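*Asks:* how does the following fold in three dimensions:
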Amino acid sequence: MSLIEKISLDQTELLRFITAGSVDDGKSTLIGRLLHDSKSIFEDQLSSITKTTQKRGMQGVDLSLLTDGLQAEREQGITIDVAYRYFATPKRKFIIADTPGHEQYTRNMVTGASTANLAIILIDARKGVLTQSRRHSYLASLVGIPHIIVAVNKMDLVDYSQKVFDDICKDFAAFADGLNLHNIEYIPMSALVGDMVVERGDQLDWYQGTTLIDLLENIEIKHDVNHDNFRYPVQWVCRPQTKELHDFRGYMGRIESGSIRVGDDVTLLPLGLTSRIKEIVMYEGSVEEAIAPQSVTLTIEDHLDISRGDLLVKTGDAPQVAQAFNAMLCWLAEQPLDPSRKYLIKHTTRVVKAIVSQINYRVDVNTMNHERVDTLKMNDIAHVAVKVQQPLVCDDYAQNRATGCFIMIDESSNNTVAAGMISFSEEV
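*Replies:* Okay, here's the model as predicted:
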């Protein structure tokens, strides 16, 4: 049995997923239904949203209130910020990010999707695949979410028609062919009534697939992390000032991808120096092997000048060391991009100064058309060329999400202004 399989057996897996789609497709209601039907809410929470529902003159319980926490959201009945919720079943733990449907909150959707294993794209059965459905599907493709569930919601409002469901599936599949989307599942449901969410209900006998919760519990995620390429950004150099460990020098951090064993040859980048793993230390003591995403302390056989921001990789499996690269950039700040000024880029544990040397094109996320622009405004997504003052050790984002992404920071305000995904597929 491999170490990956052993850890999967020893620990309950965590699935991070987002809900996305057009406004009023029922994203918050779906999450409320998941929490309610899986017995993951407290009595006082249920009592509170029941009272709020009654104040609005509505019948029953408005389950969308479980996630729409901001007062502005409750007043408008929409989701503005990313609302995170946690729940668990006997098979798996879950973190849900309920992302906004409005176009002006694209940056919130990108934020929620950046760490997700799976995206649920909700589609209103009455309206079919809309512009926002395509936009969020494109964003899911952009950030490399491995699994997609297309949930055709509000089937109760179209008399649970199989033809309506089949037509929407064909329409979405034709659009998805042009995107880098894999492992797409389709499911009809009614989040309001509860059909095919946790329970099957009595109205969808023609659908032979499983319920949403069954899909979430059983979809394969252990291979979502890159276990082939060892990448270890050094976070801290550990030098305990104790008599027993006076000569100890360890390098602390989290394995972002791949695995490592005692005795493996490693290369320190960007310097290019080599050594061998002497010991792998975890909280419970020394181990022979560790894999992503475990946090460990590594010791090596040679005395090398290693500091925060350096990257350890297996010898013979090195990523690129680059001072210029292309990237897809999501602009998050209210203040537009100033191409003439320097920004800070934080990539893994390394921080360097950088400039956006060229904006190749901006993507119209509604039509997927490429547009020529001179600057970027909030929520814009663009293909850009970046130059950094000191070299970064990075992979193509499509190969390794952990070492292929970065954030851009305004040096004066310390605000995060952009998120980027590195691409070496085109010349800079």
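*Asks:* roughly how far does T131 sit from I120?
*Replies:* Distance check for T131 against I120: by Cβ to Cβ, to the nearest Å, it reads 18 Å. All C-beta atoms are positioned from the backbone trio N, CA, C, and that covers glycine.
*Asks:* so these two - more neighbours on which side?
*Replies:* Neighbours of T131 and I120, each counted by other Cβ atoms under 10 Å, are more numerous for I120; the result is 28 against 12.
*Asks:* name the helices or strands packed onto the helix or strand hosting F87?
*Replies:* Counting by DSSP states H and E, the element that carries F87 is strand 83-88. The contact analysis (3 or more Cβ pairs under 8 Å, 6 or more residues apart in numbering; DSSP states H and E) places strand 83-88 against helix 27-37, strand 93-98.
*Asks:* what angle sits between the longest one and strand 93-98?
*Replies:* Taking axes from the mean of the first three to the mean of the last three Cα atoms, to 10 degrees, one finds helix 27-37 and strand 93-98 inclined to each other by 150 degrees.
*Asks:* now do the contacts for the spatially most central residue of the chain.
*Replies:* Taking Cα atoms, centre = their mean as the criterion, T115 is the residue nearest the geometric centre of the chain, at 2.1 Å. Contacts here follow Cβ atoms under 8 Å, 6 or more residues apart in numbering; on that basis T115 touches R16.
*Asks:* cool, and the one 4 residues further on?
*Replies:* Contact partners of A119, counting by Cβ under 8 Å, 6+ apart, are 17-20, 113, 136, 140, 145, 147-149.
*Asks:* would you format the helices and strands packed on strand 83-88 as CSV with mean neighbour count and distance to E371 included?
*Replies:* Output for the helices and strands packed on strand 83-88, formatted as CSV (neighbours: other Cβ atoms under 10 Å; distance: least, Cβ to Cβ, whole Å):
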stretch, mean neighbour count, distance to E371
helix 27-37, 24, 29
strand 93-98, 22, 29
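*Asks:* for the ones you listed, which one sits closest to G258?
*Replies:* Using Cβ to Cβ as the criterion, the shortest distance between G258 and the helices and strands packed on strand 83-88 is 23.7 Å, found for strand 93-98.
*Asks:* elements contacting that closest one?
*Replies:* Other elements packing on strand 93-98 under the criterion 3+ Cβ pairs under 8 Å, 6+ apart are strand 14-21, helix 27-37, strand 83-88, helix 106-113.
*Asks:* which strands or helices does the last one pack on?
*Replies:* The reference is to helix 106-113. Secondary elements touching helix 106-113 (3+ Cβ pairs under 8 Å, 6+ apart): strand 14-21, strand 93-98, helix 131-142, strand 320-331.
*Asks:* who's in contact with it?
*Replies:* Residues contacting helix 106-113 (Cβ under 8 Å, 6+ apart): 18, 20, 80-82, 97-100, 119, 135-136, 139-140, 142-143, 145, 330-332, 365, 378-379, 381, 419.
*Asks:* give me the number of residues near V417?
*Replies:* Counted with other Cβ under 10 Å, the neighbours of V417 add up to 22.
*Asks:* tell me the contacts of it?
*Replies:* Contact partners of V417, counting by Cβ under 8 Å, 6+ apart, are 331-333, 335, 337, 343, 408-410.
*Asks:* same thing but at 10 Å, please
*Replies:* With contact taken as Cβ atoms under 10 Å, 6 or more residues apart in numbering, V417 is in contact with 329, 331-338, 343-344, 376, 378, 407-410.
*Asks:* D171 - how many residues pack around it?
*Replies:* Other residues within reach of D171 by the criterion other Cβ under 10 Å amount to 14.
*Asks:* can you confirm it is in a helix?
*Replies:* Yes. For D171, which was evaluated using DSSP: H, G, I helix; E, B strand; the rest coil, the result is membership in a helix.
*Asks:* surely it is in contact with A125?
*Replies:* No. Using Cβ atoms under 10 Å as the test, D171 is too far from A125 to be in contact (12.0 Å).
*Asks:* out of the helices and strands packed on strand 93-98, nearest to L216?
*Replies:* Go through those one by one with Cβ to Cβ and the one that ends up closest to L216 is strand 14-21, at 6.3 Å.
*Asks:* adjacent strands (with direction) for that closest one?
*Replies:* Strand 14-21 has the following sheet partners, assigned by DSSP bridges: strand 93-98 (parallel), strand 118-124 (parallel).
*Asks:* list the buried residues in it.
*Replies:* Within strand 14-21, the residues that qualify as buried are 15-21, counting by 16 or more other Cβ atoms under 10 Å.
*Asks:* before we move on, what about stretch 256-269?
*Replies:* Within stretch 256-269, the residues that qualify as buried by neighbour count (16+ other Cβ under 10 Å) are 256-260, 262, 264, 266-269.
*Asks:* do the same with stretch 389-399
*Replies:* Of the residues in stretch 389-399, those buried (16+ other Cβ under 10 Å) are 392-397, 399.
*Asks:* closest one of those to T315?
*Replies:* Minimum separation from T315 among the buried residues of stretch 389-399 (Cβ to Cβ) is found for V393, which lies at 14.1 Å.
*Asks:* contact partners for that closest one?
*Replies:* Neighbour list for V393: 231, 233, 268-270, 309-313, 318-322, 347-348, 350, 403 [criterion: Cβ under 10 Å, 6+ apart].
*Asks:* just R249 next, same as before
*Replies:* R249 makes contacts with 237-240, 297, 299-300, 303-304, 306, as judged by Cβ under 10 Å, 6+ apart.
*Asks:* and E371, by the same measure?
*Replies:* With contact set as Cβ under 10 Å, 6+ apart, E371 has these partners: 359, 361-364, 380, 382.
*Asks:* so it bridges to which residues?
*Replies:* With DSSP bridges applied, the residues forming beta bridges to E371 are R362.
*Asks:* next: R276.
*Replies:* D265.
*Asks:* distance of it relative to E256?
*Replies:* Applying Cβ to Cβ, one obtains 21 Å for the distance of R276 from E256.
*Asks:* quick one: contacts for W236?
*Replies:* By Cβ under 10 Å, 6+ apart, the contact list for W236 reads 250-253, 297, 307-308, 349.
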